[in-house]
Structures are given as structure tokens and as C-alpha cells.
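[1] please find the sequence and the predicted model below.
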Amino acid sequence: MIAPAAARGPLGMGPGPEAIVRAVAGARRQARLRFRLVFVATWIVLVGGLVLLIGSTGRVDLEFLQKWGPFIFGGIPLTIAVSVVSIALAVVFAIVGALGRLSRNAPVYAAATLYVSLVRGTPLIVQIFFVYLALPEFGIVLPAFIAGCLALSFNYGAYMTEIFRAGIQAIPRGQVEAAASLGMTERHTMRRIVLPQAIRIVIPAIGNEFIAMIKDSALVSFVALQELFWRARTVGSANFQSFSTLVLAALVYWGLTIFFSLFQERLEKRMAESDVRL
Amino acid sequence: MTGAPGVAASAVHDPFAAPGDLTPTGASPMVRAIDLEKFYGSNHVLRGITLEVYPRETICLIGRSGSGKSTLLRCINFLEEPTVGTIEVDGLTVEADPLHARNARHREQIRQIRLRAQMVFQEFNLFPHLKVIDNLIEAPIRVKGVPRADAIATAEKYLAKVGLSEKRDEYPGRLSGGQKQRVAIARALTMEPRVLLFDEPTSALDPTLVGEVLKVMEQLAHEGSTMIVVTHEMAFAREAADRVYFIDEGVFVEAGPAAELLDHPRDQRTRDFLARTMRA
């Protein structure tokens, strides 16, 4: 019988192994704590400096912002609504696009490939103006909200097509074989076995796209949707207070993305811990 | 023994076939694979295989890795389309037709074969996003059109058979490898197939978990399920198989009752293989 190392105690002087393990763990904990403290202190210094710098310009009119702040903040619900509706529509475009990109049917594959290529090869702002300004020449007049969401989701759908394609391809072959062996048709297998698993895989990526979407939603201000950026821009330029209003708008966007990033992190963690292991 | 195609043109009959002890007298084979050939590119994996399995028989296929034994099993339910040959399961005959493998009529025939011949995989392949019970009832309800309540009752019956009733509402991710494979067996049984195909069902398992899966399989064999098992577990073959086939380089070298083939192999290749396996 050999006694465990810890119980054997020190052979000569020096500390026993248990004490060393404790000391190493303690040192690690301290290093981590020090890192965090320095991180927070640096942020405070940098953000403080930034605030001082902005304040020192003398162009931030707090009285003006107090008066117009509520109006600008009033654009937040529309910004979020546009982002949520657009990401939901984009998921639909992306699933259809991904199925097309994986299709053995040549015309379907060609159409999906053209969609991705065309949308990724042209500027988002051009697509937005196309829906809002060019379509009316053909008698297609869409309400601003629908035009904005359609353009955003059509664009994001093309980028997310590749995300979904990768997600579908990440499902192990054995899943498809098991479904086939159980007599499921290919359509049944895709809908009930492959897609539900693929969507779980791409949820973190959809979260990232959603956060990007919140920022890109500022572009729909150009179709006269009175969301956050439109309000900041309009109020600012009318009163020669663009500096104040744009700083405020930037802060709100920043806050929104931080909020949704935290939400997303928690979602990711919860999925990693869930029973549903892929 | 000759496995060469052409030479055995008239021999659609499996020379090794013999109805097992449990087979009703005068029964015709439950499964017939006739003159199977399979190429992967220029790689000739199956070189004229004919196999007949009678109702209530358990057949073990043994051989080195790469010998073609898994390919043969996968050809029987068309997870691999044979290059040439005929598969017959419970009276339904399907000719290999690799040129029209995506043809709708052919696909439907294959689906009918699969409903009769369920596969149990080495890697279990449970659906991780579905609870155990939902893994079991998905296909009966949506493929066979069984009413939901009946499907659940059947699923619970087979879960009890594999000893996992209490895991009914767990996700597969929470199960051990042995439990996963037992659920996979229950899933196959819930389809009430005519024959079960096992593709190295214990090869992915921790050695301590192999026993629980083999026990379930032995019970099924003794209860008269028709089974074709690709395995490296010689003890299982000895205990449960009516006949053992030794396959090498895409042909059957030798076959016979388990005790006879395992203890008194006639062919040198069989002897070499068994010597290496037993030593391992």
C-alpha cells in the first residue's frame, strides 16, 4: 500500500505537496483579481477622459438635450421593432436560401446562389433605396416600415444563408441515416430532424447578426422611418446641435448593443448547459 | 466455395443457409441478398455475396475491418445502394439500381424495405433534440401513421424491454453510451420491423457498458427476433448466433453454426482471423 502523496508529508524541509497546490491556486486567484481591478480602473480613466474631452468642446447643451431627449429616446421602440421584425424575416430568407444552396435541383441551386451573390455584392443602402424609391416607379408603393424591414431582412438573409448552410452541414451524417432507416422521407428528415438541430447550432450566430442589425437599422432613417437615428439627426441639424444629439444617439446604440450582448451571452451559456447536447 | 459472379449464376441459393432451430418448418427466408456487388469507385468491396436468413434466426457477420461486412449490412436496407444485386425482405424484392438511385419509385421501394429492416448503428444516432420517448414515437406516428396513444404505448413497452422505462423523459445527452444504444434498439423495435440489422452495436462503447447491450440483444435473439449482426464480440456470436459468416475481401470464406466455425475453422484465413481476434 502506498499512501497518497499529501499524507506522506514533507521528506526534508520544504512544504508538502498540498501546501504547494494551495499556494499555486492562491497566486492564480490573486492574479485574476488584480487583472480585473486594473481593467475596471483603466475603463474608468478612459471613459472619464472621453467625457471630459466631449465636455471640454462646450458643444454639449444639456438644457437642449433635456428638452429634446425624450423625443429622441422615443425612437428606441421603433429601432428595436425594425431590428426584431427584420431578423425574424431574415431567418426565413436564410432558411430558404440555405435549402436552395444545398439543393440537388440545378435551377433552385442557381437561384439561391444568385440571391446570395447579388445581395452580398451590392451596398445595403442601395438596396434600401431600391425598395423605397425604385419600386414605386413600377407602382409598388410599400409603407416605410415594411420597405425598411424588407430591405434589411433581404440583405441579412443573404449573409445568414451561409450561416444556416454551415449549420445544416454540421449535423452528423448518422442523423440523416438514422432518419432514413426509420423510413422518413428526405423532406421529413430535413424538417423534423436536421433543421431543429441546425437552428440550435446557429442561434449564437443569429444573436450576433441581431446586434449588427440594431446598428444597421439606422439606415432605414433614409426611408423616413422616425427611429432613433432619424430623430437625433433631424432635431440636431434643425437646431445646429448635431454634436449633442449624435453623441446621445451613439450612447443609446452602444447601450442597446451591450444590453443585447449580455442577453446573448446568457442565452449561449444556458444552451451550453442544457440537456440537449448536440 | 466460390463467390465469383457468373460461376454461381444459378446459385441464387445461399450455400450456407440452413433454417435455424427456431425457424418454423417450411418457412421461406425472411431476408435474401442475392449476388450482391458493391464498388466504391474502382474499389470492389462486395464481390458476389448471397445470403439467406430465415425467420427467428440470428446471423453474425465477422471479419476484419474493411472486409465488407458493414457494407453488406448497409446494402440490405439500401443505406448503400448496391452496384448489382437483389435484396428481398419479407417477400418485398428490390433490384439494385444505382443509375436511378434518386428515382421516386425506387426511393419509395427502398423506404418500404427499411420499414421491414431496421438498423441499429455503431454510433447510436439518437436524435439529441428529442426526448427518449419522442425519439421512439416520431417515426411510428409520422411514417407509419400509428395513432399517438398507440405509439406511446408501444414505445413504453419496448423501453421496458430494454430496461429503461425511467429514462422516458430524458434527453439522449443525459444517458450513458450503453443506455443510448439500448434506447436505439428500442427505437428500432418500436417500428416493429421483420428483421433487425446491427452494425457493430458495441464498438463505440466503453468496455464496462458492452455487457448491458449484449444482454438485450441476446434476449431478443432467444425470443425469436430475426437479426443480422455485424460484430467483433465472439462471445455474443457463440451465445446467440444460429450461424456465423466469415467475410474476407468481399466474399464469404466460410460459414456455419457458431460453435463449429469458431472452434473448428476450416479455412486458413478464418483461422488467422480468429487467432488474432481471440488473442486481442
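    Thanks, I have the structure now.
[2] helix or strand for residue A:184, just tell me which one.
    Taking DSSP states H and E as the definition, residue A:184 sits outside all helices and strands.
[3] and for it, the neighbour number?
    Neighbours of residue A:184 under the rule other CB atoms under 10 Å in any protein chain shown: 22. C-beta coordinates here come from the backbone N, C-alpha and C atoms, glycine included.
[4] near chain B, which residues of the stretch 101-250 of chain A? Just list them.
    A:104, A:172, A:174-175, A:177-185, A:188, A:192-193, A:196-197, A:200 (CB under 8 Å from any CB of the partner chain).
[5] tally of neighbours for the closest residue to chain A within the stretch 51-200 of chain B?
    Going by CB to the nearest CB, chain A is nearest to residue B:173 of the stretch 51-200 of chain B, at 3.1 Å. By the criterion of other CB under 10 Å, residue B:173 has 14 neighbours.
[6] try residue B:91
    With other CB under 10 Å as criterion, residue B:91 counts 10.
[7] and what of residue B:40?
    10.
[8] one more: the one 5 residues further on?
    A total of 22 residues lie near residue B:45 under the criterion other CB under 10 Å.
[9] give me the three-state assignment for it.
    Here residue B:45 is recorded as strand under DSSP: H, G, I helix; E, B strand; the rest coil.
[10] residue B:229 versus that one, what's the distance?
    To residue B:229, residue B:45 is 19 Å away according to CB to CB, to the nearest Å.
[11] now do residue A:139
    For residue A:139 relative to residue B:229 (CB to CB), the value is 68 Å.
[12] between the two, which one's more packed in?
    residue B:229 (27 against 6).
[13] residues touching the residue lying closest to the more buried one once chain neighbours are set aside, list them.
    Residue nearest to residue B:229 in three dimensions, not counting chain neighbours: residue B:198, with 4.3 Å by CB to CB, 6 or more residues apart in numbering or on different chains. Residues near residue B:198 by CB atoms under 8 Å, 6 or more residues apart in numbering or on different chains: B:73, B:119, B:120, B:217, B:227, B:228, B:229, B:230, B:231.
[14] flag every residue of chain B that's near chain A.
    Close to chain A, as judged by CB under 8 Å from any CB, chain B has residues B:77, B:79, B:102, B:111, B:114-115, B:118-119, B:121, B:123, B:125-129, B:138-139, B:142-144, B:170-174, B:187, B:191.
[15] can you pull out the helices in chain B?
    B:69-76, B:104-116, B:132-142, B:148-161, B:177-190, B:207-222, B:234-240, B:258-263, B:268-279 (DSSP state H).
[16] pLDDT at the residue nearest to residue A:118 when sequence neighbours are not counted, what is it?
    Leaving aside its chain neighbours, residue A:118 sits nearest to residue A:158 (7.9 Å; criterion: CB to CB, 6+ apart). Confidence at residue A:158, expressed as pLDDT, is 96.
[17] likewise for residue A:64?
    So, for residue A:64, pLDDT stands at 88.
[18] my guess is it meets residue A:247, correct?
    No. Residue A:64 sits out of contact with residue A:247 when judged by CB atoms under 8 Å, with a separation of 11.9 Å.
[19] hmm, back to that, the residue nearest to residue A:118 reaches residue A:115, doesn't it?
    Yes. When contacts are counted by CB under 8 Å, residue A:158 is listed as touching residue A:115 (6.0 Å).
[20] neighbour count: these two, which is higher?
    residue A:158 (23 against 19).
[21] which helix or strand contains the residue minimising distance to the centre of chain A?
    By CA atoms, centre = their mean, chain A has its centre lying nearest to residue A:208, at 2.2 Å. Here residue A:208 sits within helix A:195-216, counting by DSSP H and E.
[22] can you give me the buried ones in that helix?
    A:195-202, A:206-207, A:209-211, A:213-214, A:216 (16 or more other CB atoms under 10 Å in any protein chain shown).
[23] what bits of the chain have low per-residue confidence?
    I went with chain A, as the question did not name one. A:1-13, A:274-278 (pLDDT under 70).
[24] you looked at the wrong chain, it should be chain B
    For chain B, the ranges with pLDDT under 70 are B:1-12, B:279-280.
[25] returning to that earlier point: contact partners of the helix holding residue A:208?
    Counting by CB under 8 Å, 6+ apart, A:79-80, A:83, A:86-87, A:90-91, A:95, A:124, A:152, A:156, A:159-160, A:163-164, A:166-168, A:170-171, A:175, A:253, A:256-257, A:260-261, A:264, A:267-268, A:271, A:276, A:278, B:127-129 sit against helix A:195-216.
[26] among the residues you listed, name the buried ones.
    Buried, going by 16+ other CB under 10 Å: A:79-80, A:83, A:86-87, A:90-91, A:95, A:152, A:156, A:159-160, A:163-164, A:167-168, A:171, A:175, A:253, A:256-257, A:260, A:264, A:276, B:127-129, out of the contacts of helix A:195-216.
[27] first to last residue in stretch A:97-112, what's the distance?
    5 Å (CA to CA, to the nearest Å).
[28] got the contact list for that stretch?
    A:96, A:113, A:115-116, A:157-158, A:160-162, A:164-165, A:167-169, A:190, B:102.
[29] what about those, which are in helices?
    Using DSSP H, these in helices are A:96, A:113, A:115-116, A:157-158, A:160-162, A:164-165, A:167-169.
[30] export those residues to a markdown table and tack on distance to residue B:271?
    Shown next, in a markdown table, are the ones in helices among the contacts of stretch A:97-112 (distance: CB to CB, whole Å):
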| residue | distance to residue B:271 |
| --- | --- |
| A:96 | 59 |
| A:113 | 57 |
| A:115 | 62 |
| A:116 | 59 |
| A:157 | 63 |
| A:158 | 63 |
| A:160 | 59 |
| A:161 | 57 |
| A:162 | 55 |
| A:164 | 54 |
| A:165 | 51 |
| A:167 | 50 |
| A:168 | 48 |
| A:169 | 45 |
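[31] distance from stretch A:34-44 to the middle of the chain?
    In terms of CA atoms, centre = their mean, to the nearest Å, the centre of stretch A:34-44 is set 26 Å apart from its chain centre.
[32] hmm, who's touching that stretch?
    Under CB under 8 Å, 6+ apart, the answer for stretch A:34-44 is an empty list.
[33] what do you get for stretch A:153-170?
    A:85-98, A:100-102, A:112, A:115-116, A:118-120, A:124, A:127, A:131, A:194-195, A:198-199, A:201-202, A:205-206, A:209, A:213, A:216.
[34] ok, stretch B:245-261 next?
    Contacts for stretch B:245-261 (CB under 8 Å, 6+ apart): B:1, B:3, B:16, B:38, B:44-49, B:51, B:59-64, B:67-69, B:72, B:237-239, B:241-244, B:265-267, B:269-270, B:273.
[35] restricted to buried residues, select the residues you listed in PyMOL.
    The buried subset of the contacts of stretch B:245-261, as determined by 16+ other CB under 10 Å, is captured in PyMOL by this line:
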select buried, chain B and resi 3+16+38+45+46+47+48+49+51+59+60+61+62+63+64+67+68+69+72+237+238+241+242+243+244+265+269+270+273
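[36] quick check: residue A:246 vs chain B, distance?
    45 Å (CB to the nearest CB, to the nearest Å).
[37] do the same with residue A:234
    Taking CB to the nearest CB, one finds residue A:234 at 47 Å from chain B.
[38] got the contact list for that residue?
    Residue A:234 neighbours (CB under 8 Å, 6+ apart): residue A:226.
[39] and it, backbone torsions?
    phi -70, psi -50 (degrees, to the nearest 10).
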